[in-house]
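S.K.: Return atomic coordinates for the entry below.
(2 chains)
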Amino acid sequence: MTMRAASSQQPPTARRGIALVTVLYFILIGSLASAGVFMMIRGMLRNTSSTTKGAQLVAAAEEALYSALANWDSTLRMRQAVGSAMTLPVSTAGNEQSSVSIARLSTWLFAIVADARNPGDGASRRVSLLVRLPSVVPSGGAALLSAADVTLGPNVRVLTDSSCGDIGVGAIALAPGAALSIDAAMPADAQPTVLRDSSTADSAAYLRIGGRWWTDLVLSADIRLSSGAHVTPMPTASDGLCASSDSNWGDPTSSSALCAARVPVIYANGDLTVDGGVGQGVLLVAGHLTIAGPFTFSGQIVARGGIEDLADNITISGAIHAWRARDDSVIARTMSSSVELTHQTTLRFSRCDAWHGMASWLQPRRVREHAWSELF
Amino acid sequence: MLTRVTHHAPRATHFGFTLAEMMLVLVLSAIVLALMSSIGTHLQRQLSEQATRVAVGEQLATGAELLPLDLRGVSPSAGEIVEARDSVLQIRATIASAVVCSASAGSVSLATFFGAYRRSIAPPLLGGDTLWVLADEDSVETWRPVRIAGWRRAAGVCSALDASGSELVDLSHLWTADVPDTSAFAPGAVVRATRPQRFSFYRAGDGQWYLGLRTWNTASAQFNAVQPLSGPYVPPSSAATRFEYFDSSGMPWPLGDSSYSTIARVEALLLAAASSSGVTATDSQRVVVALRNR
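M.R.: As a prediction, this is how the structure comes out:
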């Protein structure tokens, strides 16, 4: 019985084959091959993906950059302090998030910087574009440019806006034939510099503003007033928004004011009387401009039939052009076309405020030769 | 009992193989080994091919990634393309951008623009490099070149920009450039630093053709030895690997012309070939770079 039991346990050990080894060998070879192919394909895809993703990010950043340029808010930009940067809302397109910042580097120069990043893997590209506002020097650098005779009372002050980089004493530019009369009571240190230049005889010096002619501006005026109108402009709100009425000429007193962004072109089709108030923009008067009350204005004024003040506390910051030929159908000229400022009036030459008045049509352009950069 | 035992003993000797069985096993083993060898060789060949293709792809991808970085910002109208041939492209590359913080007699303080990831890289400038300052005047702006006499870290603050500018410009790490004339360096002005770069297809010591870059040695005022960027490529003599140029209307720019200012687009045709274990793979890529500052 003992021997029988022993002999019956032998056969299984003697029947081992190579099937298991063969199967394991093939599994191993197959796994190695699959892993190798997978790694290589992954490497190829990574290379391709890296190049493609980089190009896509640059394209997204450029799209954000030029979109910011296309949607340029001149009014906001003109109020942006030199040396400051403003960030626009982040936009998302596809897998890329784009953000744009605009820095005002000097009075004219802005840098638009756009970032595009892929939140998935954190890849990012940054490009910048230097843009510049058109080179417009209002009124030849003078607070008042006049082709007609000018009379200044003792309380008139002509200044420059040092915060805008305008330096020197205030100046009045006169056409060659125009006379200047300054009240003898005006302090010597308050007397303006007088500039006379042959270019001031040219109508273009008065009637071409920021590259646009009087006629074009009249056609595109935001506010149109009839001849002989009286107005007291004040910023007004309606339903929490800045109202767009003819007596709302915006608010130059604060960049955060509700009507700070309202910078209209105002056209008076004849004589205009301002009975006081506040406003900004470009004021075009085809006839005679009378300021009969305390008035603060930021921007440019062009009057073709003379200017006079009848009240104190008048401040005009920007530039004033006084041309000598009316542009209306009034035959009987009851008022002089000269400039007669005899009350407490401040004329401040400010390129910034003059430009701000023109903001609605002043658009930036790329700086010459080298505006675009990819920042590393 | 004994009889039963002797009856079982011969049956144990039946565990061996017959000749036929052995022959069958040998034949089958030979077939299996042959199959395994064939499959292994095939797999190895395929892996080798894939490896070669990957190598070729990497050669092309490197060129495709590196070329646009330096070429996109080139301004032909500003004379930044110095030489353009089918095998050579020499440019004046911008290597840093900054904002002028302040200027004093003989030196200017600069804050560099941040790059991607709001990362600031120390500008690798040296005495002898050229700074271009954007002189912003009433009538028109112009880029004026100024040679740097010295370049070093600076302390202080940048008054040209307030804190809101710190997202764009590295206001914490300022640099000072010694320059002979600071008249154009108004606070807030933009400056760029440039240095010549020369891309070329060249034959290296191993007999292969590469896309190489020669950087400018400011101290010796000449180009450094060429360094490979990517490759190897099929020789340019076959006209398969070359630079091509186009004007703004998309028409080919005539090689041999010296009016580089009309170039609007640069294309690099790269044909790469690689061999490994007797396997040769070829692939091509056309790198198109539209110049942004035309």
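S.K.: Helices of the chain, start to end?
M.R.: Let's take chain A. Here chain A has its helices, by DSSP state H, at A:2-7, A:11-14, A:19-70, A:74-79, A:204-207, A:214-219, A:351-357.
S.K.: please go with chain B instead
M.R.: Going by DSSP H, chain B shows helices at B:2-8, B:19-71.
S.K.: By mean pLDDT, show me the worst of these.
M.R.: Mean pLDDT per stretch puts helix B:2-8 lowest among the helices of chain B, at a mean of 49.
S.K.: rewinding a little: most tightly surrounded among the helices of chain A?
M.R.: Per-residue neighbour counts averaged over each of these give the maximum for helix A:351-357, namely a mean of 26 (mean count of other C-beta atoms under 10 Å in any protein chain shown). Backbone N, C-alpha and C define where each C-beta goes, glycine included.
S.K.: I'd like to check what contacts that helix. Which residues are they?
M.R.: Contacts of helix A:351-357 from elsewhere in the structure, counted by C-beta atoms under 8 Å, 6 or more residues apart in numbering or on different chains, are A:75, A:78-79, A:107, A:133, A:136-139, A:161, A:163-166, A:210, A:252, A:263, A:280-282, A:298-300, A:317-319, A:362.
S.K.: which of those count as buried?
M.R.: For these, a neighbour count by 16 or more other C-beta atoms under 10 Å in any protein chain shown gives the buried set as A:75, A:78-79, A:107, A:133, A:136, A:138-139, A:161, A:164, A:166, A:210, A:252, A:263, A:280-282, A:298-300, A:317-319, A:362.
S.K.: Take these and keep only those in strands.
M.R.: In strands, judged by DSSP state E, the following of the buried ones among the contacts of helix A:351-357 are found: A:280-282, A:298-300, A:317-319.
S.K.: Make JSON lines from these and add pLDDT and distance to chain B to it.
M.R.: What follows is those, written out as JSON lines (pLDDT from 0 to 100; distance: C-beta to the nearest C-beta, whole Å):
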{"residue": "A:280", "pLDDT": "94", "distance to chain B": "23"}
{"residue": "A:281", "pLDDT": "93", "distance to chain B": "23"}
{"residue": "A:282", "pLDDT": "94", "distance to chain B": "20"}
{"residue": "A:298", "pLDDT": "94", "distance to chain B": "21"}
{"residue": "A:299", "pLDDT": "93", "distance to chain B": "20"}
{"residue": "A:300", "pLDDT": "93", "distance to chain B": "17"}
{"residue": "A:317", "pLDDT": "94", "distance to chain B": "20"}
{"residue": "A:318", "pLDDT": "92", "distance to chain B": "17"}
{"residue": "A:319", "pLDDT": "93", "distance to chain B": "14"}
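S.K.: and which of those residues is nearest residue A:156?
M.R.: The shortest separation between residue A:156 and any of these is 14.4 Å, and it belongs to residue A:317 (by C-beta to C-beta).
S.K.: residues in contact with that closest one?
M.R.: Applying C-beta under 8 Å, 6+ apart to residue A:317 gives the contacts A:161, A:252, A:297-298, A:348, A:350, A:353.
S.K.: run the last query once more with 7 Å
M.R.: A:161, A:298, A:348, A:350, A:353 (C-beta atoms under 7 Å, 6 or more residues apart in numbering or on different chains).
S.K.: Pick out the most distant pair among these.
M.R.: For the contacts of residue A:317, with distances taken as C-beta to C-beta, the pair at the greatest spread is A:161 and A:298 (10.2 Å).
S.K.: Around chain A, pick out the residues from the stretch 1-150 of chain B.
M.R.: The interface of the stretch 1-150 of chain B toward chain A, taken as C-beta under 7 Å from any C-beta of the partner chain, is made up of B:5, B:8, B:12, B:15, B:32, B:36, B:40, B:43, B:47, B:50-51, B:54, B:57-58, B:61, B:64-65, B:72-73, B:75, B:77-78, B:94, B:97, B:99, B:113-117, B:121, B:134, B:136, B:138-141, B:143.
S.K.: Report the buried members of the residues you listed.
M.R.: Among the residues of the stretch 1-150 of chain B next to chain A, those that count as buried by neighbour count (16+ other C-beta under 10 Å) are B:43, B:47, B:50-51, B:54, B:57-58, B:61, B:64-65, B:72-73, B:75, B:77-78, B:94, B:97, B:99, B:113-116, B:134, B:136, B:141, B:143.
S.K.: Quick check: residue B:40 vs residue B:279, distance?
M.R.: When C-beta to C-beta, to the nearest Å is applied, the distance between residue B:40 and residue B:279 equals 16 Å.
S.K.: where does chain A have its least confident helix or strand?
M.R.: Evaluated with mean pLDDT, DSSP states H and E, the helix-and-strand set of chain A has its lowest mean pLDDT in helix A:2-7, which scores a mean of 45.
S.K.: what's the domain layout of the chain?
M.R.: Using chain A here. Under automatic domain parsing, the residue ranges defining each domain of chain A are A:52-135+A:363-375, A:138-357.
S.K.: actually it's chain B I care about, not the one you picked
M.R.: Per the record's domain assignment (automatic domain parsing), chain B is made up of the domains B:52-89+B:197-290, B:92-195.
S.K.: Compile those domains into CSV and extend it with columns for distance to residue A:60.
M.R.: Below are the domains of chain B laid out as CSV (distance: least, C-beta to C-beta, whole Å):
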stretch, distance to residue A:60
domain B:52-89+B:197-290, 15
domain B:92-195, 12
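S.K.: Ramachandran coordinates for residue B:105?
M.R.: For residue B:105, the backbone dihedrals (degrees, to the nearest 10) come out as phi -60, psi 110.
S.K.: Next one: it, what pLDDT does it get?
M.R.: pLDDT for residue B:105: 89.
S.K.: try the one 4 residues further on
M.R.: Note on residue B:109: pLDDT of 95.
S.K.: What's opposite residue B:289 in the beta bridge?
M.R.: Using DSSP bridges, the bridge partners assigned to residue B:289 are residue B:266.
S.K.: State the distance from it to residue A:159.
M.R.: The gap separating residue B:289 from residue A:159 is 52 Å, by C-beta to C-beta.
S.K.: again with residue A:216
M.R.: 31 Å.
S.K.: Then residue A:97?
M.R.: When distance is defined by C-beta to C-beta, residue A:97 is 47 Å away from residue A:159.
S.K.: do the same with residue B:55
M.R.: Distance, residue B:55 to residue A:159, using C-beta to C-beta: 73 Å.
S.K.: same thing with residue A:273?
M.R.: Residue A:273 sits 25 Å away from residue A:159, going by C-beta to C-beta.
S.K.: now residue A:19
M.R.: In this structure, residue A:19 and residue A:159 are 104 Å apart, going by C-beta to C-beta.
S.K.: Near chain B, which residues of the stretch 101-250 of chain A are found?
M.R.: Counting by C-beta under 7 Å from any C-beta, the residues of the stretch 101-250 of chain A close to chain B are A:101, A:103, A:105-106, A:108-109, A:111, A:113, A:124-126, A:128, A:130, A:132, A:135, A:137.
S.K.: pretty sure residue A:262 is in contact with residue A:250, am I right?
M.R.: Yes - applying C-beta atoms under 7 Å as the test, residue A:262 and residue A:250 come out as touching, 3.7 Å apart.
S.K.: quick one: low-confidence parts of the stretch 101-250 of chain B?
M.R.: Residues of the stretch 101-250 of chain B that meet the criterion pLDDT under 70 lie in B:138-139.
S.K.: all strands for it, in order.
M.R.: If DSSP state E, counting those that start in this stretch is used as the criterion, the strands of the stretch 101-250 of chain B fall at B:107-113, B:130-136, B:141-147, B:150-154, B:169-178, B:190-203, B:209-217, B:222-223, B:227-233, B:242-246.
S.K.: so of those, which one's packed in deepest?
M.R.: Stretch with highest mean neighbour count among the strands of the stretch 101-250 of chain B: strand B:107-113 (a mean of 24; mean count of other C-beta under 10 Å).
S.K.: so how far is that one off the chain centroid?
M.R.: The chain centre lies 28 Å from the centre of strand B:107-113; the measure is C-alpha atoms, centre = their mean, to the nearest Å.
S.K.: same question, stretch A:298-316
M.R.: A distance of 26 Å separates the centroid of the chain from that of stretch A:298-316, by C-alpha atoms, centre = their mean.
S.K.: Render the CA-only coordinates of that stretch in PDB, please.
M.R.: As requested, C-alpha coordinates have been extracted for stretch A:298-316 and formatted as PDB (Å, rounded to 0.1, in the frame of the first residue of the first chain):
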ATOM      1  CA  SER A 298     -12.000 122.100 -19.900                       C
ATOM      2  CA  GLY A 299     -11.100 121.600 -23.600                       C
ATOM      3  CA  GLN A 300     -11.100 123.800 -26.600                       C
ATOM      4  CA  ILE A 301     -13.200 126.700 -27.600                       C
ATOM      5  CA  VAL A 302     -13.300 128.100 -31.100                       C
ATOM      6  CA  ALA A 303     -15.300 131.300 -31.500                       C
ATOM      7  CA  ARG A 304     -15.600 133.000 -34.900                       C
ATOM      8  CA  GLY A 305     -17.400 136.200 -33.900                       C
ATOM      9  CA  GLY A 306     -15.500 137.300 -30.800                       C
ATOM     10  CA  ILE A 307     -15.500 136.500 -27.100                       C
ATOM     11  CA  GLU A 308     -16.400 138.600 -24.100                       C
ATOM     12  CA  ASP A 309     -16.900 137.900 -20.400                       C
ATOM     13  CA  LEU A 310     -19.500 139.600 -18.300                       C
ATOM     14  CA  ALA A 311     -18.800 137.900 -14.900                       C
ATOM     15  CA  ASP A 312     -16.100 136.800 -12.600                       C
ATOM     16  CA  ASN A 313     -14.900 133.300 -11.700                       C
ATOM     17  CA  ILE A 314     -14.400 132.100 -15.200                       C
ATOM     18  CA  THR A 315     -11.700 129.400 -15.800                       C
ATOM     19  CA  ILE A 316     -11.000 127.900 -19.200                       C
END
